Each structure stands twice: as structure tokens, then as C-alpha cells.
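> Sequence first, then the predicted structure, then my questions.
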Amino acid sequence: MLRVAVVGSGPSGVYAAQALVQQREVPGVRVDVLDRLPAPYGLVRYGVAPDHEKIKSLTGSLRSVLEDERIRFLGNVEVGGALLPTARLSELYHAVVYCVGAARDRTLGIPGEDLAGVHSATAFVSWYSGHPDAAAFDLAGVRSAVVVGAGNVAVDVARILARGVPELEPTDLPLPALGLLSWSGLRTVTMVARRGPSQARFTTKELRELGTLAGVEARAEAAELDLDPACADPAAAAALPAAARRNLEVLRGWAAAAPAPGARRSISLRFYLRPVELLGGPRGRVRAVRCERTAPDGLGGVRGTGTYEELDAELVLRSVGYRGVPLTGLPFDAVTGTVPHAAGRVVRGGRASPGEYVAGWIKRGPTGVIGTNRPCAKETVSSLLQDAGALARRERPGDPLEALCAAGLRPVRWPGWLAIEAAEAELGRSLGRRSVKIPDWPGLRAAAGLV
Ligand code: NAP
């Protein structure tokens, strides 16, 4: 039997587990999927926006993988901490596949980032997703929000901020988030991109959705769109990828639309603005974002123009990408924020380290959609299977679960997770809503039967 630990139960971890048990080259593979949280599914549970039900429904296919009899889910198990160092994990399993994602947000590196009211989009997403480590948010007095960045996460947080109660209530938003978002006096959300519309990273489906929110006006400024060479020059426009052309069409439509006087809120997309400072107001809270106007440099980048503009904001969310976090005991490339690897094999001191593998964002960086993780995990598993002969010859103790418990860990098994799921469904029923997330550790532990 080849015992493999997969660390992380998000899409890349589940796809790696699936590839390991569904192959036919190496019989008798058994997989333990370990997660620090008592709940599985990683960013599908704690990152995909609550109003994106279709993407959330992916949990159905991830669930059927984790219910395979050759796979065990072991939640509430932190790898890399005092109870379970990575070296110990390698003693317990023939191979370990690290699928730990990219948990940290990137910063802007400009003055004022420590002001109250300035947060990462990651923190905001964790809060409205009911992540048990998320800090509480305060939206009191917030009338204007600025979201820095033009990726899909920026679109997600702008949309959740702008949505109204009737659209949020049917989701699994935890109670504190539903309460604050429902009662917020927010009027304007401004998304700020340092480059032009043809270089924005969001996808057209997500962009278009911003124009369909009830009571929300989506805006773009024709003068800013025209700064993009692709808007001024038909030949440059024709050379763009189809997705960028579609984005431009959507934005042009918004720029040309008449104002919507009855709108409750607005979402404005601003381009060629680079935040240079976050300005504080009374009580150390942010009051505005100072941006420098940029212009295309002809090479796909931008240059500063020396002219500045201030955007009012009592809330600033920076949404400028994620970064991998080093895991004690694993090599880490601080420049790329990933673990060095060769086709998924962890590379230590220039050589592939037998029995250690990576997949997902910690392998390739925080890019791509959920489905991108499937081929990524398959490549890693294919490397592992090539090494399987040598790996299986290594002596390993019996069931690793006993060693984990002996080390003082209290794994949440699949029935424990099902009990959390049932408790969330019950909470939802009692509130006349769909399933509602339990957003704290004591609640999750109690529901899983650990206390
Ligand atoms: P992203 O797509 O990499 O976008 C990051 C944005 O931040 C870019 O607009 C980038 O601008 C900007 N940026 C970076 N550094 C900056 C700085 N110092 N100042 C100003 N702007 C800066 O990252 P993401 O939005 O976090 O998304 C991560 C991945 O998750 C992506 O692959 C995304 O598609 C995926 N995702 C998908 C969905 C979905 O499918 N619905 C939802 C959420 C996330 P430049 O281009 O100028 O660098």
C-alpha cells in the first residue's frame, strides 16, 4: 500500500486525491486529505463569493471525491506547527502533496496602509465567507469605498459591497456579515486600475454581472477608456484577445448609458489611476485615496504623469493579488511566493526531494480559475506515480491516524464535517434562510462534536 498525505482540501488538494485513487498504474494507493480547518473545500467554501451559487455547487463533485472509500478527510489538523512538523508528516506517509494555496494578500507599499478602514480584499472575503480566523469588519459611517485592483477578486468584493438585502439573504452569508452589509449606508464603490481597460484581469462574465445588480448603477468614464490605445486604434483593438475586446464593449456601454437617477448605489470602474497615498481623516480613519494619473508607456505598462486625483473613501480594500506563505520545513521562493518544484516535485538544494510534492497556487502562483487546478494536480500526481516504486520501499508505520492522535491532534473525520454541515443547515432553517455558515472556532468544534 502507498500511503499519501494531501495537505489542503481545496480544489487542488481534492483533484490531487482524485488523480491518485483514479489511476491504474499503481494499485493500493490510500490518501489522507489533511486540513487545518474542520471544514473541507478551501477557497470554494471560504473564497468563492456567496452569491456565486453555480461555482459553489462545485462542492458536490469535490464531496463525491472525499467520500471515496480510499480517501479519508482529516480536518482540524495543522501541518507545520509544533504538533505536526512537515518532517514528521514525511515519516508517517510514503509521500506528501502540499496543496496549501496562497493565503496572504499583497500590499501596495504606500503611506497610509495602516489607517483604520484599510484592509485587504482577502480579509474582507474571509469575513463574509465566515472563515473562523477572520477579523470583524466595521462598516459604520462608510459611504464611499475604493477597491484597488482590476481582477476577479476586486469584482467580487465590489459586487458584495453593492448588493442589497434581498440578494444577500438567500446566500449562506454568516449573520454578522449579513447584518452589517444590509445596514451599511454605502453609496459608491470605485474600482481603481493602474493600467487600462484592455489590460484588466477580470473576466467578462464577472464584469457584466456588475451591470445587472438591482438598484446599482455601473459606470465607466469615456475619457479614460479613450486613453487606452486599443480604444483609439481599430488595428490595436483587433489585436486584443477576445476577452479584452468583450470587456471593452461592456465598459463602453456603461460609459455611454444615461445616468440612472433611481439607483441606490453605484459601482464606478476607473482606469489609469495609481494609488500613491491613503489619506487619514478624524480618529485615524482613512478618508481618501490619492492617485496619480498614469498613461500608457507603449509597452503594455504605464508611466506617471505627475497629475493627481483624490477619491473619497472611508473603506479601502486592496485587491492586488495573493501570495504564498512559507511552510516551516519546506523550501520557498520569496520572489514568486511559491515552493520551487520540477513538474510538481519539491526541489531542495537544486534537486527533487523524494516524497514531497506541490500542486495548486503554492506550485504555480495565484492564477487561473478553479478548473486550472485539475491539470496542475494531474501533472504532480503523474510525477509521484513515476516515483512510486522507490517510495513504496520506504518503511512506514501502520495507520498514520494513530500517530496524529498520539501527537495530541484531534482530527475531524468525515462524519464530524457532516455534523457541521447539518448544524449549518439547521441554523439556516431556524432563521428562515438556506444553510448559514458557522463563523467561529468554538461553534465549528462544538458542531463537529469535539467539545
Ligand atoms: P489578479 O487577477 O492577479 O488581479 C490583480 C490586480 O491587482 C490586477 O488588476 C493588477 O494590476 C492589480 N495590481 C497588482 N499590484 C498592484 C499595485 N501595486 N497597485 C495597483 N494595482 C495592482 O488577482 P485576483 O483578483 O486576486 O485573482 C486571483 C485569481 O483568482 C485570478 O486567477 C482570478 O481570475 C481568480 N478568481 C476567479 C474568480 C471567478 O472566476 N469568478 C473569482 C475570484 C478570483 P496589473 O494588471 O496592472 O498588475
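The structure has been received and is ready for your questions.
> pull the CA atoms of the helix ranked longest in the chain into CSV?
The longest helix of the chain (DSSP state H) is helix 373-392. The C-alpha coordinates for helix 373-392 follow below in CSV (Å, rounded to 0.1, in the frame of the first residue of the first chain):
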residue,chain,number,x,y,z
ASN,A,373,-6.1,23.1,-10.7
ARG,A,374,-7.2,19.8,-12.2
PRO,A,375,-4.4,19.5,-14.9
CYS,A,376,-2.0,21.1,-12.4
ALA,A,377,-2.7,18.4,-9.8
LYS,A,378,-2.6,15.7,-12.5
GLU,A,379,0.9,16.7,-13.5
THR,A,380,2.1,16.5,-9.9
VAL,A,381,0.4,13.1,-9.4
SER,A,382,2.0,11.8,-12.5
SER,A,383,5.4,12.7,-11.1
LEU,A,384,4.5,11.0,-7.8
LEU,A,385,3.4,7.8,-9.6
GLN,A,386,6.7,7.7,-11.5
ASP,A,387,8.5,7.7,-8.1
ALA,A,388,6.0,5.2,-6.6
GLY,A,389,8.3,2.2,-6.8
ALA,A,390,11.1,3.8,-4.7
LEU,A,391,8.6,5.5,-2.4
ALA,A,392,6.8,2.2,-1.5
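> tell me what it is packed against?
strand 2-7, helix 11-22, strand 95-98, strand 345-348, strand 351-358, helix 361-364 (3 or more Cβ pairs under 8 Å, 6 or more residues apart in numbering; DSSP states H and E). All C-beta atoms are positioned from the backbone trio N, CA, C, and that covers glycine.
> So what's the gap between the longest one and the chain middle?
Spelled out, it's helix 11-22. 19 Å (Cα atoms, centre = their mean, to the nearest Å).
> what helices or strands is it leaning on?
strand 2-7, strand 29-34, helix 42-46, helix 59-66, strand 95-98, helix 373-392.
> Likewise for the fourth one?
Identification of packing neighbours for strand 345-348 by 3+ Cβ pairs under 8 Å, 6+ apart yields strand 351-358, helix 373-392.
> Please enumerate the helices of the stretch 151-300 of the chain.
Secondary structure of the stretch 151-300 of the chain (DSSP state H, counting those that start in this stretch): helices at 152-162, 165-168, 175-183, 204-210, 222-226, 229-232, 234-238, 242-256.
> Of all the ones you listed, which one is nearest Pro411?
helix 175-183 (28.2 Å; Cβ to Cβ).
> Just give the nearest non-adjacent residue to the residue in the stretch 151-300 of the chain that the ligand sits nearest to, would you?
Closest residue of the stretch 151-300 of the chain to the ligand, Cβ to the nearest ligand atom: Gly151 (2.2 Å). Of all residues not flanking Gly151 in the chain, Arg201 sits nearest, at 4.2 Å (Cβ to Cβ, 6 or more residues apart in numbering).
> about what we covered before: how about the longest helix of the chain and the ligand, touching?
No: contact of helix 373-392 with the ligand is not found when judged by Cβ under 6 Å from any ligand atom; the minimum separation is 10.9 Å.
> what is the mean pLDDT for that helix?
For helix 373-392, mean pLDDT rounds to 97.
> immediately after it, which helix or strand?
helix 400-406 (DSSP states H and E).
> Quick one: list the elements packing against whichever helix or strand comes after that following helix.
Reading on from helix 400-406 to the C-terminus, the next helix or strand found by DSSP H and E is helix 414-430. The criterion is 3+ Cβ pairs under 8 Å, 6+ apart, and the helices and strands that helix 414-430 contacts are strand 71-74, helix 441-447.
> and Val286, bridged to which residues?
Note on Val286: beta-bridge partners by DSSP bridges are Gly280.
> what pLDDT does it get?
97.
> pretty sure it is in contact with Asp114, am I right?
No: in this structure, Val286 is not within contact of Asp114 by Cβ atoms under 8 Å, at 9.9 Å.
> Neighbour count: the two, which is higher?
Val286 (24 against 10; other Cβ atoms under 10 Å).
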